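> Need coordinates for the below:
(2 chains)
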Amino acid sequence: MIKIMKKMNRWEVSLLLCNAMLVLAQVWMDMRIPDYMSTITRLVETEGSDMNEIWIAGFKMLACAIASMFITFGSGFVSSYFAATFSKNLRSKIFDKVQSFSLEEIDRFSTASLITRSTLDVQMMQMFMTRGISMIIRSPISVGIALFKIKGKQWEWSALTGGAVFCVILAVIYVIKYAHPRFRRMQFLHDDMNRVMRDNMTGIRVVRAYNAEEYQEGKFYDANDRLTQNGLEAMHAMGIMHPTMRFTNNGLTVGIYFLGALIINRSAVYAERLTVFSDMVVFANYASRILFAFMSLNMIFNTIPRASVCAERINEILETDATILDGKETEGVEGKEGEIEFRNVCFRYPGTEGDVLTDISFTAKKGETVAFIGATGSGKTTLVNLIPRLYDCTEGEVIVAGRNVKEYTQKSLRNMIGYATQQAVLFTGTVSSNVSYGEGKPIEGRDEENDIKAAVAIAQATDFVEEMEGGYDADINRGGTNVSGGQKQRLSVARAVYRKPDIYIFDDTFSALDYKTDRALRNRLKKETADVTTLIVAQRVGTIRDADKILVLDGGKIVGMGTHEQLLKDCEVYKEIARTQLSEEELA
Amino acid sequence: MAKNNYQLGQAKMGAERRGGPGGRMAVAEKPKDMKGAIKNILRYLNRFIPQVATALVCSVTSVMLMLFGPDQLSRITNLIEEGLLDGQVDMAAVKRIAIRVLAFYAFSALLTWIQSYTLASASRYAMRDMRNDICRKINRMPLSRFDSSSFGDLLSRVTNDVDSIGMSLNNGLVELVNAFVTFAGCSVMMLMTNAKLTFIVLICGLSGMFIMKVIINKSQPFFSRRSTYLGEINGHIEEMYAGHIVVKAYNGDEESKAEFERINQLLFTNNWKSQFLSGIMFPMMEFLGNLGYVAVCVAGAMMVRSGEIRFGTIIAFVLYTRQFTMPLGQVAQAVTSLQTSLAGAERIFGFLSEEEMEDESGKEDLLQDIKGEVEFKHVRFGYDPGRDIIHDFSAKVTPGMKVAIVGPTGAGKTTLVNLLMRFYEINDGQILIDGVDTRKVTRANVHDQFCMVLQDTWLFEGTVTENIAYCLKDVTQEEVINACKAVGLHNYISTLPKGYDTMLSDESNLSAGQKQLMTIARAMVHNCPLLILDEATSSVDTRTEQIVQDAMERLTAGKTSFTIAHRLSTIRGADIILVMKDGDIVETGTHNELLAKGGFYSDLWTSQFVNAEAI
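Residues are numbered from 1 along each chain as shown, chains lettered A, B, ... in the order given. The predicted structure is shown next:
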């Protein structure tokens, strides 16, 4: 928490300080009001005092009230401005940081966790900065000023107030001990219950097919009961707070009056008695402010731990440095465009043992098609991710266009590549904005509209795009939920084509397509962009059988390299894969 | 199950977002039919009438007791004032009153505690019942409801609505009642004490209410815009993080950052404005309280001077003013939160009153020990009325047959299975199992005849055994182990730290193939005469596919089975292949027959292999 506070810039700090000053002024003003009440009391009880003096005291009171109100406006403005600025800057900082991460860092946190940290955790921090901070500032100030005011008054009253504060603190401790942990547990129990319901929904067909409705409901009831029970305990523990507080506060007032009567009886001088009387009237006011300030400890103890957990999680992001740094080169070696070479590349994920890729060496020349096949987990995707430097290899060299990938700026390296990912990603926007997504290498005289159409045509997507409402300007929902899996993949291919890169990478891009479309797409691609080096990761032998070179991966090692025919002859793994997919005649 | 595309991940995110800190300052939604919503909530509270009644009585009594406080205190003040001059306060009387008022306060606190205790129980249990009803409802709804993309989202909202109702029941209701009683009681007590001063306090109070209303109305639009932008920015973050790899690979960073900053700036502006405006309310109320205080002091002082009242009255009024203005702020909040939760209640009850599947209590379970003969007779069906997907489907399957259904995407393969399972009701025609029309028996009876293995392997958080035995009660551990042995999972499970008692969760690293083998083992344990395998191998890589294929082979032995497959190679051994296109069966026959025929099937088949030139 403190770390995050330290990261505030000067402007934020001065806003915070300014707010503290305003709160101080405001509480001061607020507490002057009872003083005048005391004055008025004395005036009323003194025979023959001037009527005007009462009026004057009244006006002063009013002035204080008005001043206090305006100062509060001011401090409200400053504190909300501060909280909004803080959360805006924090959000921005986190977003920048995450954008700079390579997949390595993303994997370390997991996408889901990064999302929670940048959204919910930031919101929590903002809440804390709005309410928590002002409470933290206000409470000690109130207590301080109130103590200052009652200083030098009757000690009996102060002792009584001390006793009352003690009662409140006891209640607060009880609540912190018994209610807070239960409130925290509530979140987990809630998640549990939601998970049971989600299970029921995702598996609705299975649930029905197995007549398991009652079984599922039983599980839900259990989870629900646990949640309810825990919630009840928390609420019941919390329930003592309010009545205790009220009784203490009211009892304190009565006590002060009772003690006041005793003290007055003790004294013989009229003037003294009058002072006690007028003090008594306002003492209760100060005392109850002290009580309320202590009660807000409850809230503070509730929010600080939660906020500091969030702050810590945010800090983890901010303090992680991106591991992949830019090189200097922006161009490849002349004449080597589109060439890829792997030299004894090994890769392992940080913090794990065992290589995901071991000793991978191969070359892909300009215009060649190289395919990768192998079981899930054999390292195909990892391998292609090394080319645009989404990861850095642990050993060996990855060379693109004659230079080690580490020598390029990330931007220029990636501009050479059109990458269609395994899971096609579409963004909110239109078909066109998705196809022309990102910032490619500058192409002179680019006719955007026609290029988009051409790319879509090559990706065999023209038919469905033109059928969509709005055609190329048709909306794509968040996450591309309004197009099917196969359509998504085709648009993601179109995006790769649109860049006019030197290298294509298709990571299992064709698996959601039916065989006919798959084939037609590859043919068009070959025809229209013959000189582009193409890397294909695939599951189907059919997709890759015409490749210039096929690499068979098994457990992160190359176990076969060659053409379809060669591999059928001498690669066992490949033969096995082919056998499950092709007919006898095909294999012969 | 392509239709089943609602995004649970998103729904979950949505839930968190609502439940998160942003949700608390949510915009007040207004219910459309306030009375209806209240009536429905009251139905849930029916069982807890004693508790709710106790709570209300306690609450009202407690507030009334509190109201005597200032009056008693004013008597003490007067006693002291009397003693000021002659130096002798009547301590006995002061003591008497002090004890009395302390007793009042103590009793009042006790009553408040009882109220909060009983009401918490009532509202929590009512919430529990509501949630249970929602869960039960899910399992009574026709499957078609789940196909709509917004369903998951709706459900998560509904579950959150339950929480907000619970909160309102707990706090809002009592606050409203309390505030009202305090307001009325204070007014009466003040009037009885002094009319003029009451008038002054009332004016302050009422103008407070008015100002509050103005501020609430003013800040509403900022709040609503704020939550819109918050949703937008979180959506953008989610989207960019999820697509990080593409953003990176395509150098989309700057574009996405620019968009982010745009929303962030808008959010910022609305953020502080809404925060500030809502923050204004508190000092305003404070000021009115102070104003009342000042007015009472000055006016009271005048009246004391003129002998109209005694000093104690001022004390009483000062305290009344405080009690009087305090609940005003609460009322505003309580009303907003009640409104929001009533709107939520409407959603819940709307959901609960949605159409359920046809009641089948009159039907008998006619299907017992069936042979496994299935017949489709002129089946016609469409998801939307007027748009048939299956036009006129007829086929007869004899017991023990292996039926394969193939065809391009959208041909209606999965639909056929849905109809067979009676997940959807056919529009026309008949589906017969062993000669019995499936519509004549209960759905549960139909389901009992089938086991399903689907593309999306469905495992839940629970032990391996629980996942395999699933809802069957009388399954022995031995049966589970045998099933796992049969599908070739036993060795793997034995290597797990807790063997068959290992908990499966999202993080457990079962491969797709192993998951699929689990569901096959589940089907084996359940041992139904009919089997449906819907794209069971398509999410499994090709090498694992063979293992899964073998397991399915063992599962289907001696049973009637329906296999839907994307990869044609997997169904070569089928006894009969139904080739579907646009909702109709265009060809039937064995693999070799169909190839020889040279029709649609052979087209599909060869398109896997033919050279580019042929297309």
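> From now on I want contacts and neighbour counts done on CA atoms only, so please keep to that.
Noted.
> What sits closest to B:L110 if chain neighbours are left out?
Closest residue to B:L110 apart from its sequence neighbours, by CA to CA, 6 or more residues apart in numbering or on different chains: A:P243 at 7.0 Å.
> okay, now that neighbour: neighbour count?
21 (other CA atoms under 10 Å in any protein chain shown).
> Would you confirm that it belongs to a helix?
Yes - under the criterion used here (DSSP: H, G, I helix; E, B strand; the rest coil), A:P243 sits inside a helix.
> What is the burial count for the closest residue to chain B within chain A?
Proximity of chain A to chain B (CA to the nearest CA) peaks at A:G438, 4.1 Å away. A:G438 has 22 neighbours, counted by other CA under 10 Å.
> okay, now the domains of the chain?
Here I'm looking at chain A. Structural domains assigned to chain A are A:2-318, A:428-438+A:446-500, following automatic domain parsing.
> Correction: the question concerned chain B.
Split by automatic domain parsing, chain B gives B:30-192+B:338-353, B:195-308, B:374-614.
> wait, the residue nearest to B:L110 sits on B:S116?
No - assessed by CA atoms under 8 Å, A:P243 is found out of contact with B:S116, at 9.5 Å.
> Poorly predicted segments of the chain, please.
The chain I'm using is chain A. A:1, A:49, A:580-588 (pLDDT under 70).
> my bad, chain B
For chain B, the ranges with pLDDT under 70 are B:1-30, B:87, B:147-153, B:325-330, B:332-333, B:409-410, B:506-509, B:538-543, B:566-567, B:607-615.
> and A:A494, how many residues sit next to it?
28.
> now the strands: where do they sit in the chain?
Let's take chain A. A:340-347, A:357-364, A:369-373, A:395-400, A:403-404, A:417-420, A:429-430, A:475-476, A:503-507, A:533-538, A:549-554, A:557-562 (DSSP state E).
> meant chain B, my bad for not saying
Under DSSP E, chain B gives strands at B:374-381, B:390-397, B:402-406, B:428-433, B:436-437, B:450-454, B:462-463, B:503-504, B:530-534, B:560-564, B:576-581, B:584-589.
> Can you list the neighbours in contact with the fifth one?
Residues from elsewhere that reach strand B:436-437, judged by CA atoms under 8 Å, 6 or more residues apart in numbering or on different chains: B:366-367, B:430-431.
> picking up where we left off before, for A:F86, which of the domains of chain B is the nearest?
Among those, domain B:195-308 comes nearest to A:F86, with 9.5 Å by CA to CA.
> okay if I get the contacts of strand B:436-437 as TSV plus neighbour count and distance to chain A?
Listed next are the contacts of strand B:436-437 as TSV, based on neighbours: other CA atoms under 10 Å in any protein chain shown; distance: CA to the nearest CA, whole Å:
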residue	neighbour count	distance to chain A
B:L366	15	16
B:L367	20	15
B:Q430	19	20
B:I431	25	17
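> Rebuild those residues as TSV, extending it with distance to A:D222.
As requested, the contacts of strand B:436-437 are exported to TSV (distance: CA to CA, whole Å):
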residue	distance to A:D222
B:L366	34
B:L367	33
B:Q430	40
B:I431	38
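> Now the spatially closest residue to B:N418 that is not a sequence neighbour: phi and psi?
Nearest residue to B:N418, sequence neighbours excluded (CA to CA, 6+ apart): B:Y424, at 6.0 Å. In terms of degrees, to the nearest 10, the main-chain angles of B:Y424 are phi -120, psi 150.
> Many thanks, we can stop here.
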